[in-house]
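Enquirer: pasting the structure only:
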């Protein structure tokens, strides 16, 4: 008898959870049907039903990363200007365990994306959207007189803010003892203050 | 008859060149004996002589990356203080083709390193050394009165400078059209100026 639709849905969630677990532990370099099957204690044959090809598994993993990033809890954003920029960047940093896993998987995905023209274009587009989301807050900051007159135009400021944040992500992932939550926050505040 | 020592040395260089080529094109995720053999137009059996295991191939690739980074041409550093910091960071950015390949391979190595405790510790140590190399220039900058009094202590400034630079590396690798040499340089100058 085929499984009831509710069972199928539950199993689909289990599969996604196992894929996420493997990614957080081993990255895209360690993402194989066998690793996911071992995590779930099922056969690779069962998983072939969900992922007939390695490519299908990778596509699912990237979708999962996109969805979990979009749906992650975020801080309230009542403020405007530089205070808003600060909040957007805090929501990116690997401060809590879930944020660490998500960032670790993003960094891992860069190897894959750099080797594939289509994925590289998607990642470039993702960066463009992130800069575009930050830019209006810098425009507010300029209007509010928060930025020192010497600072660059807002598109470049947004690119610099993203650069600072992602570079801090990588250092913190490799050395969490050196970059606990308070140090990351202090560094971010130092970066924001340097723009005033 | 076994090959003469000179031939062995030449062949070893060919193998390293092929490994580098595969890394620059496909990253560590695409580094296989088969890919290296195809690049060299030899059998994988021949390569097993050099790399009896996948691990041996990866170790060689990481050594190669370390050596080529250490031996890369660098800019003269006559200046001190913030001008020196600028030069150290310019030597990291993906401005010319060789720098792009090297950075692309470093970014690719992070997936591998995050999945392996030993490699992760080595990468954390590499970051510690990089910050330590930059710190004295910030100390000079402070002594010279180049830093605004509000800026943080030098260890944190060094970590921020590395963060900014590596985050810019990643954005530029994915979108070289948006981040040509002059834009990267202008962003770096903006970052340095924000510390004054």
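Expert: Alright, I've got the coordinates. Owing to the predicted nature of the structure, the values given are computational and were not obtained by experimental measurement.
Enquirer: Which secondary structure state does the closest residue to residue A:119 other than its chain neighbours sit in?
Expert: Excluding the flanking residues, the one nearest residue A:119 by C-beta to C-beta, 6 or more residues apart in numbering or on different chains is residue A:113, at 4.1 Å. No exception for glycine: its C-beta is placed from N, CA and C like everyone else's. At residue A:113 the chain is in helix, as set by DSSP: H, G, I helix; E, B strand; the rest coil.
Enquirer: show me what contacts residue A:92?
Expert: By C-beta atoms under 8 Å, 6 or more residues apart in numbering or on different chains, residue A:92 lies in contact with A:103, A:165-166, A:169.
Enquirer: now, which of these lie close to chain B?
Expert: With C-beta under 8 Å from any C-beta of the partner chain as the criterion, the contacts of residue A:92 include A:165-166, A:169 near chain B.
Enquirer: isn't the residue nearest to residue A:119 right up against residue A:123?
Expert: Yes. Here residue A:113 reaches residue A:123: they are 4.5 Å apart, a contact under C-beta atoms under 8 Å.
Enquirer: Find residues that contact each of those two.
Expert: Joint contacts of residue A:113 and residue A:123 (C-beta under 8 Å, 6+ apart) are residue B:174.
Enquirer: In chain A, which helix is the longest?
Expert: Counting by DSSP state H, the longest helix found in chain A is helix A:117-143.
Enquirer: Give me the distance between that one and the centre of its chain.
Expert: Distance of helix A:117-143 from its chain centroid, counting by C-alpha atoms, centre = their mean, to the nearest Å, is 14 Å.
Enquirer: what's the next secondary structure element after it?
Expert: Sequence-wise, the next helix or strand downstream of helix A:117-143 (DSSP states H and E) is helix A:154-174.
Enquirer: touching chain B at all, the next helix or strand after that next one?
Expert: Remark: after helix A:154-174, the chain's next helix or strand is helix A:181-194, criterion DSSP H and E. Yes. Under the criterion of C-beta under 8 Å from any C-beta, helix A:181-194 makes contact with chain B via A:183, A:186-187, A:190-191, A:193-194.
Enquirer: Could you tell me which of those residues count as buried?
Expert: A:187, A:190-191, A:194 (16 or more other C-beta atoms under 10 Å in any protein chain shown).
Enquirer: Give me the domain ranges for chain A.
Expert: In terms of domains, chain A is parsed into A:5-69, A:76-194 (source: automatic domain parsing).
Enquirer: Quick check: which of these is buried the most?
Expert: Mean neighbour count (mean count of other C-beta atoms under 10 Å in any protein chain shown) peaks for domain A:76-194 among the domains of chain A, with a mean of 18.
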